[in-house]
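Asks: curious how this folds, go ahead:
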Amino acid sequence: MQQIHIDQTKASSAYKRLVASRRRFSFMLTALMILTYYSFILFVALAPHMLARPLYAGATTSMGIVAGVGVILIAVSLTGWYVLRANRIFDPSMRALIAAAPQGD
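Replies: Numbering: from 1, shown residues only. Below you'll find the predicted structure:
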């Protein structure tokens, strides 16, 4: 693909909408992950006694372990959500844009 065709594709409104949509979604997921992580860190800093409690009487696993695993599961879930959206929306849209662009040599 020649540079002129790349520039035309970049200038198209469909490409700009796709980039803006992907950026908004990425920033939203990033904000959710930052909120989750910093909430956990604040909990550790401000209420360590809550995290030190056992799950139930006589348990060796504490609430902190459960909260830490929860942070990891949220990160994996957000990654999965991005991959699903990319595979179902972003990638097909990009393929359509590439297919519509002239392919001259």
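Asks: residue closest to the middle of this structure?
Replies: In the chain, the centroid-proximal residue (Cα atoms, centre = their mean) is Leu29; its distance is 3.9 Å.
Asks: so in the chain, where's the weakest helix or strand by average pLDDT?
Replies: helix 3-11 (a mean of 83; mean pLDDT, DSSP states H and E).
Asks: tell me the helix or strand right after that one.
Replies: helix 13-46 (DSSP states H and E).
Asks: could you dump the helix or strand following that next one to PDB, C-alpha only?
Replies: Next along the chain after helix 13-46, taking DSSP H and E as the criterion, comes helix 48-52. Extracted in PDB, the C-alpha atoms of helix 48-52 (Å, rounded to 0.1, in the frame of the first residue of the first chain):
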ATOM      1  CA  PRO A  48      -4.800  -3.800  57.300                       C
ATOM      2  CA  HIS A  49      -6.700  -5.400  60.200                       C
ATOM      3  CA  MET A  50      -9.600  -6.100  57.900                       C
ATOM      4  CA  LEU A  51      -7.300  -7.900  55.400                       C
ATOM      5  CA  ALA A  52      -5.700  -9.800  58.200                       C
END
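Asks: how far off helix 13-46 does the helix or strand harbouring Tyr82 point, in degrees?
Replies: Assessed by DSSP H and E, Tyr82 sits inside helix 63-85. With axes from the mean of the first three to the mean of the last three Cα atoms, to 10 degrees defining the directions, helix 63-85 sits at 180 degrees from helix 13-46.
Asks: helices or strands next to the following helix or strand past helix 63-85 in the packing?
Replies: Moving toward the C-terminus from helix 63-85, the first helix or strand encountered (DSSP H and E) is helix 91-100. Under the contact criterion of 3 or more Cβ pairs under 8 Å, 6 or more residues apart in numbering; DSSP states H and E, helix 91-100 touches helix 13-46. Placement of C-beta: from N, CA and C, glycine included.
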